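Undergrad: Below is the sequence, then the predicted model.
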Amino acid sequence: MPADYHVHIENGPFTIEWLKEFVNQGLKRGLKEIGISEHGHRFKEGFEAYKSDGFRTEWIKTYMDQSIEDYVELIKEAKQMGLPVKLGIEADYFPGKEKEIRDFLTLYLWDFIIGSVHWIDDWGIDLEESIEEWHRRNVDEVYLEYFNIIEKMAKTGLFDIIGHIDLVKIFGFRPNYKVFEKIERNIEEISKTGIVIEVSTAGLRKPVGEIYPSKEIMAMIKKYNIPVVVNSDAHYPEHVGYEFEKAYNYVKEFGIKRLYYFEGRKRIPYNI
C-alpha cells in the first residue's frame with residue numbers, strides 16, 4: 001500500500017481530531033500512511049532561515065505564527081496513539097542560507113525533509129500577488145536560474161525529497177524547448193546526490209493543470225535513474241491521495257514502478 005508524504009494540516013488547529021480527518025481520507029484512498037510536512041515558513045523558529053532584506057520578510061511575517069514544538073509534539077502524540085503518520089517538514093531553500101536552514105532543521109528527528117524552491121531572491125514565483133513579475137522577466141532565464149537553485153539545494157544534503165521540482169511552470173509560463181537541454185545538466189547533477197524527486201498531483205489543481213514534473217523532466221528522471229515518490233501537497237483532508245491513480249499510471253509510462261516509504265530519514269522501497 002502506498003503513502004503520501006506531502007500533507008499540510010496548517011489550515012486547521014494542531015489537534016488530533018483535525019489530523020484524523022487527513023488520516024481517515026488517506027486510509028479511505030488506500031494509503032498505508034501519510035507524512036505531515038508543514039511549511040517551515042509557518043514556524044517562528046525558522047525566521048533566520050527565511051528572512052531577507054525585502055518582500056520575503058514582509059510575506060513570511062504574515063504566516064509565521066506557529067511554534068514548531070506544538071507541531072512536533074502533535075505528531076509524536078499521534079504516533080504513540082498508533083495513527084499511521086510520519087513527521088516531516090517542507091523547508092524552502094535559499095542559496096547562501098545553508099547554515100541557518102541547517103540550524104533550523106537539525107533540532108528535530110524528522111522522518112523526512114522536503115526541500116522546495118518557491119522564491120528567487122525576493123520574488124515568490126508561485127504567488128498570485130506576484131504574477132505580474134512573470135511578465136517583466138525572460139521566461140527562459142527564470143527557468144535556468146530556478147533549476148540551478150534546485151541543483152544547489154540537492155547538493156546541500158539537507159533534504160530527502162525535492163518538492164514539485166518544476167513548480168516554476170505553475171502559471172503556465174513555458175520556456176523555449178532548447179532550455180530543457182540545459183536543465184538536463186541540472187538533473188544529471190541531481191542524480192549524483194541520492195535525493196528523491198516528488199511526482200506531485202498538486203499541479204492538477206493549479207493553473208498549469210498538469211502533474212509536476214512535466215514529461216520532459218520525467219524522461220530525464222528515468223534516464224538518470226532518480227528515485228521518486230508520489231505526493232499530493234494536500235492542504236485540506238480531501239486532497240490527501242488526490243488523483244494518485246493518475247500519478248501511478250504517469251510514472252509507469254516511464255517504466256518506474258518503485259516508490260518509497262520514509263522513516264528516520266531512511267527510505268524503504270515498495271512497488272506499485
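TA: It's in. Residues are numbered from 1 along each chain as shown.

Undergrad: For K206, grab the count of nearby residues.
TA: If you count neighbours by other CB atoms under 10 Å, K206 ends up with 18. For the C-beta atoms, the positions are set from N, CA and C on the backbone; glycine is no exception.

Undergrad: Against I75, how distant is the closest residue to it other than its chain neighbours?
TA: Excluding its sequence neighbours, the residue lying closest to K206 (CB to CB, 6 or more residues apart in numbering) is I170, at 5.1 Å. I170 sits 28 Å away from I75, going by CB to CB, to the nearest Å.

Undergrad: how much space between N24 and I34?
TA: Going from N24 to I34 by CB to CB gives 10 Å.

Undergrad: so how many other residues sit close to the residue nearest to K206?
TA: For I170, using other CB under 10 Å, the count is 21.

Undergrad: the helices in this protein, which residues?
TA: Per DSSP state H, the chain carries helices over the ranges 16-28, 47-50, 55-61, 68-80, 98-105, 132-136, 139-155, 179-191, 215-223, 244-253.

Undergrad: got those as JSON lines, with mean pLDDT columns?
TA: Output for these, formatted as JSON lines (pLDDT from 0 to 100):
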{"stretch": "helix 16-28", "mean pLDDT": "98"}
{"stretch": "helix 47-50", "mean pLDDT": "97"}
{"stretch": "helix 55-61", "mean pLDDT": "96"}
{"stretch": "helix 68-80", "mean pLDDT": "97"}
{"stretch": "helix 98-105", "mean pLDDT": "97"}
{"stretch": "helix 132-136", "mean pLDDT": "97"}
{"stretch": "helix 139-155", "mean pLDDT": "98"}
{"stretch": "helix 179-191", "mean pLDDT": "98"}
{"stretch": "helix 215-223", "mean pLDDT": "98"}
{"stretch": "helix 244-253", "mean pLDDT": "98"}
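
Undergrad: Ok, which of the ones you listed comes nearest A202?
TA: Comparison of those against A202 by CB to CB identifies helix 244-253 as nearest, at 10.3 Å.

Undergrad: Just the C-alpha atoms of the closest one, please, in CSV.
TA: Below are the C-alpha coordinates for helix 244-253, written out as CSV (Å, rounded to 0.1, in the frame of the first residue of the first chain):
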residue,chain,number,x,y,z
PHE,A,244,-2.9,9.1,-7.2
GLU,A,245,-4.1,6.5,-9.8
LYS,A,246,-3.4,9.1,-12.5
ALA,A,247,0.1,9.7,-11.0
TYR,A,248,0.9,6.0,-10.7
ASN,A,249,-0.1,5.5,-14.3
TYR,A,250,2.0,8.5,-15.2
VAL,A,251,5.2,7.2,-13.6
LYS,A,252,4.6,3.7,-15.0
GLU,A,253,4.6,5.2,-18.5
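
Undergrad: Distance of the residue lying closest to S214 once chain neighbours are set aside relative to D126?
TA: Distances taken as CB to CB, 6+ apart put D166 closest to S214, at 5.7 Å, once the chain neighbours are dropped. With distances taken as CB to CB, D166 is found 11 Å from D126.

Undergrad: and what of L167?
TA: Noted for L167: a distance of 6 Å to D126, by CB to CB.

Undergrad: ok, and what's touching stretch 261-272?
TA: 2-3, 5, 32-33, 35, 86, 88, 109-113, 160-161, 196, 227, 230, 248, 251-252, 257-260 (CB atoms under 8 Å, 6 or more residues apart in numbering).

Undergrad: Repeat the analysis, applying 6 Å as the threshold.
TA: A3, D111, F112, D160, Y248, K257, R258, L259, Y260 (CB atoms under 6 Å, 6 or more residues apart in numbering).

Undergrad: Same check on stretch 114-121?
TA: Residues from elsewhere that reach stretch 114-121 (CB under 6 Å, 6+ apart): 37, 56, 90, 92-93, 124, 126, 145, 149-150, 153, 159, 161-163.
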